[in-house]
Each structure stands twice: as structure tokens, then as C-alpha cells.
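Chemist: I'd like to go over a predicted model; first the sequence, then the structure.
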Amino acid sequence: MANTFGHLFRVTSWGESHGGAVGVVVDGCPPLLELSEEDIQPDLDRRRPGQSSLVTQRKETDSVQILSGVFEGKTLGTPISMIVRNVDPKPEHYQEVKEKYRPSHADYTYETKYGIRDHRGGGRSSARETVGRVAAAAIAKKLLREPYGVEIVGWVSKVGRIVAECDVETVSLEDVEATPVRCPDPHVAEKMIAEIERVRKEGNSLGGVVTCAARGCPPGWGEPVFDKLEADLAKAILSIGACKGFEIGSGFAGTDMTGLEHNDEYFVDEGGRVRTRTNFSGGVQGGISNGMTIYFRAAFKPTSTVMRDQKTVTTSGEETTYTGRGRHDPCVLPRAVPVVEAMAALVLIDHALRQDAIRGPE
């Protein structure tokens, strides 16, 4: 079903925004991995609401509890179930939404598909659903780091029309976390923060771009032809709410280049490894990783909820207006960063395990 992601490392998220809890079940995690809530919590803390004035002020601790699959501090190889209880739901903020479709939300489409919807904050279509993804990916990240030496880091590279040009080879988690907007360039970050604050005071919202890099991936990951690495990354990233675009490597800018300019020439480095002199391919060729840094960009639309009057219709088809209320992100980008990293990690660990299944671990 559509709530499960992955082949060998399978993740099933569950829960609604203003229900009792949200969570995830991870099936396929290898046994004997040392794991505790302390491994999961830091990534959830990066995703949680209420971190600054730039994001929603919903007060959730997002404290995770592992319910199964771990014994005496190690994974059993059985399903790992994790739960995060909702401690600050405000379903009363959404009574009006019960009778009205919010512009650019999933209210109308969910009701059309299922004949019923949870109007309390959008239910499953809320960004709160990503709690389970981030919790599951904390396990994936640990697996990627320890056996494979893979590091994943994402950052905000664009807010509105403000752009930060950063080196995908050198951006660190410390650089990203140094500012509340999660842009590693402190000077550009200041401009982004000022722009988000300005738009927030106007009752409006902004979109932007998250760039993500996975460094240290070995060559050989990816399953052509339909499960190409970039194809699975695209599906994973575009499954994130508010994400409207994905490009890897040179992306659309590559259309401005000739073949001679774009081709990544090979050479053998001092360690005897085959490398490329450039990386316009974004670390993937023929749907398979080539050992270079995998990097991509994800475009996020402006937050749909704005504190201004907008035209809409009621569930009975009458024209009306709707004004956003409650607690919402004026810009989703800062909190989208750990979610983008999470989906990249889930794709990469799944392909790592698939490669091990056909060739064995290196």
C-alpha cells in the first residue's frame, strides 16, 4: 500500500496530525545494530515545531519511544515500531475547515478520493506525518555511516528569490545548524531570515529550495531500469508534502551545455579509484552510483496556509472565503531539511542492502 516505502528496508508510517500519536514501523533492519531512543531523538529535534519564530509554534516535544524490535540495546532483525505522541493538538482550530476546502491544500482531493477526510490539520496530508519518516531514517543514517561510511547533509539553498551558492563537497551539519533557517552561508542566512519574518508579518508565506548531498557512496548502487537510483530519489523526495520539483546533478541547467561541456571525464586517483573530474551527473550514471558525491535539489512551494482572505467553496459547493488561522510555518524550508535528508537516507540504505544481496558486502 502507499503508506509503505522501500523494498528490503521497508518503512510504514501511520497517524494523523491531531490524532493521539504518529509513528512508524521499520521492517528489514539488520540485526545486532546498537540502537536506542538517543540515536533517534536528535533528528526528530531538528524536525520538530516551535524551534524559532520562523516555523510553526505548535509545542510538541516529539519524544520517541521504541516499542519493538530492539532488545538489550541491539536490533533483533524483527520489525521496529516507534511512536511519538501528540501532546499539543488543537483540533478546534480546524472546525471551519470541516465545511470549507482550503486553497492548495489536500482537503478537496482527499475527500474526493476516499469520501471522508480528517479535517483536523489535514490528517495524513499534514507535515506532521513526516515524524515517522525522520525516525525511520535515523536508523538508516546510522547503518549508512557505520558499515558504508556515507554522510548525508541537506541545507536551505534558496528562500523566495534569495540564493546561497554552497559547495556540495564541504557543507557540514555544523554549518547548517548554525542558523535557524539552516542555510550554511551566514550572510545569506540573515537575508533569508529577514525575508521570512517580513512575509510572516504580512500573513503570507514563501517557498524555496533544499539542496542535499550524500558523500561517500560507493559505486554500484541502483537497480536499472525502473528502480534507477535517481528515479527512486525523485519519487522519495516528491512524496514530501509541498515538494513540487526535483533535479539531480546539473539538472535543468544541463540543457544549456553541450555534450563536451557536460560529460564527466574519468581518471584514476592516488588511491587507485576511478573518479570523474567533474560531477555534472550528480554521482549517478545509468541509474547507478559512480562513487562521486550524490547531490540533488528539491523545490518547495510556499506554505498553503496564509493568514489572509482567499476565495474557496464549501463542501456543499457554495462560494465563500477562508482565512488561515492556527499555527503554521510561514516557510517550510528550515524544517524540510531533515525530512529531505531522511528520504535520501531511506533510498540509499534500501539500495545498499539490495546491492549487498546480489554482490555481497564489500
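Modeler: Structure received. As the structure is a computational prediction, the values presented were derived from the model and not from experiment.

Chemist: now for the longest helix belonging to the chain, which elements pack on it?
Modeler: Using DSSP state H to assign secondary structure, the helix with the most residues in the chain is helix 333-359. When contacts are defined as 3 or more Cβ pairs under 8 Å, 6 or more residues apart in numbering; DSSP states H and E, helix 333-359 packs onto helix 37-47, helix 130-143, strand 151-159, strand 208-215, helix 229-238, strand 294-300. Heads up, the C-betas are built off the backbone N, CA and C, glycines and all.

Chemist: Where does the prediction get shaky in the stretch 201-350 of the chain?
Modeler: Along the stretch 201-350 of the chain, segments meeting pLDDT under 70 span 326-327.

Chemist: please redo it, this time with the cut-off set to 80
Modeler: Residues of the stretch 201-350 of the chain meeting the criterion pLDDT under 80: 325-328.

Chemist: Tell me the gap between the longest helix of the chain and the middle of its chain.
Modeler: How far helix 333-359 lies from its chain's middle: 10 Å, per Cα atoms, centre = their mean, to the nearest Å.

Chemist: quick one: buried residues of it?
Modeler: 333-356 (16 or more other Cβ atoms under 10 Å).

Chemist: ok and that helix relative to strand 208-215, angle-wise?
Modeler: Interaxial angle, helix 333-359 versus strand 208-215 (axes from the mean of the first three to the mean of the last three Cα atoms, to 10 degrees): 30 degrees.

Chemist: So which of the helices and strands packed on helix 333-359 is nearest Thr109?
Modeler: Nearest to Thr109 among these is helix 229-238; the distance by Cβ to Cβ comes to 15.7 Å.

Chemist: give me phi/psi at Thr321?
Modeler: When read as degrees, to the nearest 10, the backbone of Thr321 gives phi -130, psi 160.

Chemist: can you tell me which residues contact the nearest residue to it once chain neighbours are set aside?
Modeler: Among residues not flanking Thr321 along the chain, Asp309 sits closest, at 5.0 Å (Cβ to Cβ, 6 or more residues apart in numbering). Counting by Cβ atoms under 8 Å, 6 or more residues apart in numbering, Asp309 touches Thr321, Tyr322, Thr323.

Chemist: The closest residue to Gly324 other than its chain neighbours - how many residues pack around it?
Modeler: Among residues not flanking Gly324 along the chain, Thr305 sits closest, at 4.2 Å (Cβ to Cβ, 6+ apart). For Thr305, the count of nearby residues is 24 (other Cβ atoms under 10 Å).

Chemist: In contact with Thr305, which residues?
Modeler: Arg102, His105, Ser205, Gly324, Gly326, His328.

Chemist: how about a markdown table for the residues you listed, with distance to Thr314, neighbour count and secondary structure added?
Modeler: Listed next are those as a markdown table, based on distance: Cβ to Cβ, whole Å; neighbours: other Cβ atoms under 10 Å; DSSP: H, G, I helix; E, B strand; the rest coil:
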| residue | distance to Thr314 | neighbour count | secondary structure |
| --- | --- | --- | --- |
| Arg102 | 12 | 20 | coil |
| His105 | 14 | 20 | coil |
| Ser205 | 24 | 23 | coil |
| Gly324 | 16 | 21 | coil |
| Gly326 | 19 | 15 | coil |
| His328 | 22 | 22 | coil |
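
Chemist: Quick check: which element contains Ser304?
Modeler: Assessed by DSSP states H and E, Ser304 sits outside every helix and strand.

Chemist: ugh, wrong one, I meant Ile240
Modeler: Going by DSSP H and E, Ile240 is not in any helix or strand.

Chemist: Compute the distance between it and Tyr266, please.
Modeler: Ile240 sits 34 Å away from Tyr266, going by Cβ to Cβ, to the nearest Å.

Chemist: Please identify which of these two sits among more neighbours.
Modeler: Ile240 (22 against 10).

Chemist: so who does the spatially closest residue to the more buried one that is not a sequence neighbour touch?
Modeler: In space, not counting the residues next to it along the chain, Ile240 is nearest to Val339; the distance is 5.6 Å by Cβ to Cβ, 6+ apart. By Cβ under 8 Å, 6+ apart, the contact set of Val339 is Arg47, Ala127, Thr130, Arg133, Val134, Ile240.
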